[in-house]
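1. sequence below, structure please.
(one chain, ligands or ions: 1)
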Amino acid sequence: MAAVAASLSFSISSDPQHHRTATPLFTSSTPPILPTNHKSHHCHFKSLVSSSHSSSSSTSTSTSTTAVYSFLEDTFRTGRFLTNEELEKLKTLEKFVHFQELKSGFLWVRVMRPEQEMDATVNLLAESFAESMLLPVGYDKLLGFLVKQYLLERRAVMPHAVTLVGFYREKEEGQSGSEQVKLAATVEVCFDKMGANSSPPTPTPPKEAPYICNMTVQKQLRRRGIGWHLLKASEEIISQMTSSKEVYLHCRMIDAAPFNMYNKAGYKTIETDSFLILLMLQRRKHLMCKKLPVLDSPSKSDIAGPDEELPP
Ligand SMILES: CC(=O)SCCNC(=O)CCNC(=O)[C@H](O)C(C)(C)COP(=O)(O)OP(=O)(O)OC[C@H]1O[C@@H](n2cnc3c(N)ncnc32)[C@H](O)[C@@H]1OP(=O)(O)O
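-> Model prediction:
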């Protein structure tokens, strides 16, 4: 198992004293590509797009998924002492929702809720990881197991890092009244040193700086602006969670799609792996950095709750 995990470029540590134990899954050496058949991630619209804050006040949800979710429960389970600042940050994460109307549909980005969305997120990541590594389909279950351990471990470092998920609903579907949404995308955002990965890929970013990794959009939903707005949501939550204005990410040199997207979004390549990394059977990667603008107005997530934004 350890050998398999190592060969897949990520590892799970069981060090309970240390919060920064996992290495990112797809950050750079293994960006995921999603399979074509990924239809199982359909969920009821309102219950999924609402932040826990708004879902608690919503009365129109027609499913049983109405329980108020609290991220506090996760951190209580770890037995970790939380400072007042950490509690405030957990509240910020709990309330965060980024909404965007796209040409073809509607996108909501918020923090992953493990009870409802862990398995779908694991599938999204594991299947894409397998495809990007050209692994046979039979590896899906093993990958799923490892990815789940990784995501659970990352949950324990909240509010210092977070997994965001994006839900997408096509406009046509809304008109037919089906109210089906798909878990279309995910990304991990690390805010500070405590949320940083213990073994970041090369070229090494500063541990104390915000860092984006493991971003993927479901293959059949790409080129609709979902990746772009997932990136915007990541930057928005970074601006809310930390005063640090520099955000870092890795991108493989061969991956034109994310490289174009990051360049377009203002990320600059500050360092690139040398050829020697090829000797370690890894792809060469760029370390990219962007200086975030200082916010002068409340973010969308502060002024527009998902209930107000629901399409007809
Ligand atoms: C930090 C990390 O996590 S690195 C790992 C990144 N993840 C991956 O590589 C996983 C596989 N790829 C994907 O999941 C997707 O292709 C993503 C996340 C890179 C982009 O998601 P999408 O929803 O398709 O991107 P979106 O439609 O918002 O496009 C945004 C911009 O990205 C660029 N882009 C996206 N796809 C492509 C493509 N196939 N070819 C060239 N440029 C592209 C374009 O500049 C595009 O802007 P434009 O539409 O105005 O031309």
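2. the ligand contacts on the stretch 101-250 of the chain?
-> 212-217, 222-228, 249-250 (C-beta under 6 Å from any ligand atom). C-beta here means a position set from N, CA and C on the backbone, and glycine is covered the same way.
3. which of those residues are buried?
-> Taking 16 or more other C-beta atoms under 10 Å as the criterion, what is buried in these is 212-217, 222, 224-228, 249-250.
4. tell me how many other residues crowd residue 160.
-> Other residues near residue 160 come to 20 when the count uses other C-beta atoms under 10 Å.
5. got the contact list for it?
-> Counting by C-beta atoms under 8 Å, 6 or more residues apart in numbering, residue 160 makes contact with 19, 190, 191, 192, 193, 194, 195.
6. what about the residue of the stretch 151-300 of the chain found nearest the ligand, distance to residue 243?
-> Taking C-beta to the nearest ligand atom as the measure, the stretch 151-300 of the chain has residue 227 as its residue closest to the ligand, at 2.2 Å. Note on residue 227: its distance to residue 243, by C-beta to C-beta, to the nearest Å, is 27 Å.
7. ditto for residue 230
-> 23 Å.
8. of those two, which one has the most company?
-> Each of residue 230 and residue 243 has its neighbours counted (other C-beta under 10 Å); residue 230 has more, 25 against 6.
9. which helices and strands does the longest helix seen in the chain pack with?
-> Taking DSSP state H as the assignment, the helix of the chain that covers the most residues is helix 114-132. The contact analysis (3 or more C-beta pairs under 8 Å, 6 or more residues apart in numbering; DSSP states H and E) places helix 114-132 against helix 45-49, helix 140-155, strand 161-170, strand 180-190, strand 211-217.
10. buried set for the fourth one?
-> Applying a neighbour-count criterion of 16+ other C-beta under 10 Å, one finds 181, 182, 183, 184, 185, 186, 187, 188, 189, 190 buried in strand 180-190.
11. who does the first one bridge with?
-> If I follow you right, that is residue 181. Using DSSP bridges, the bridge partners assigned to residue 181 are residue 43.
12. is it true that it touches residue 169?
-> Yes - contact criterion C-beta atoms under 8 Å: residue 181 and residue 169 qualify, at 4.4 Å.
13. partner residues bridging the residue lying closest to residue 154 once chain neighbours are set aside?
-> On the basis of C-beta to C-beta, 6 or more residues apart in numbering, the spatially nearest residue to residue 154 that is not a chain neighbour turns out to be residue 161, at 5.7 Å. Counting by DSSP bridges, residue 161 forms beta bridges with residue 190.
14. from residue 182, how far out is the nearest residue to residue 106 once chain neighbours are set aside?
-> With C-beta to C-beta, 6+ apart as the measure, residue 169 is the residue that lies nearest to residue 106, at 5.0 Å, once sequence neighbours are left out. Between residue 169 and residue 182 the distance, using C-beta to C-beta, works out to 7 Å.
15. turn the buried residues of strand 180-190 into JSON lines, including pLDDT.
-> Conversion of the buried residues of strand 180-190 to JSON lines gives the following (pLDDT from 0 to 100):
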{"residue": "181", "pLDDT": "90"}
{"residue": "182", "pLDDT": "92"}
{"residue": "183", "pLDDT": "96"}
{"residue": "184", "pLDDT": "96"}
{"residue": "185", "pLDDT": "97"}
{"residue": "186", "pLDDT": "97"}
{"residue": "187", "pLDDT": "97"}
{"residue": "188", "pLDDT": "97"}
{"residue": "189", "pLDDT": "98"}
{"residue": "190", "pLDDT": "98"}
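16. quick check: bridge partners of residue 271?
-> With DSSP bridges as the criterion, the beta-bridge partners of residue 271 are residue 287.
17. what sits against it?
-> 203, 286, 287.
18. in a markdown table, list these along with pLDDT and neighbour count.
-> Converted to a markdown table, the contacts of residue 271 look like this (pLDDT from 0 to 100; neighbours: other C-beta atoms under 10 Å):
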| residue | pLDDT | neighbour count |
| --- | --- | --- |
| 203 | 96 | 20 |
| 286 | 97 | 24 |
| 287 | 98 | 22 |
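19. mind pulling up the pLDDT for residue 283?
-> Here, the pLDDT recorded for residue 283 equals 84.
20. helix/strand/coil for it?
-> In three-state terms, and counting by DSSP: H, G, I helix; E, B strand; the rest coil, residue 283 is coil.
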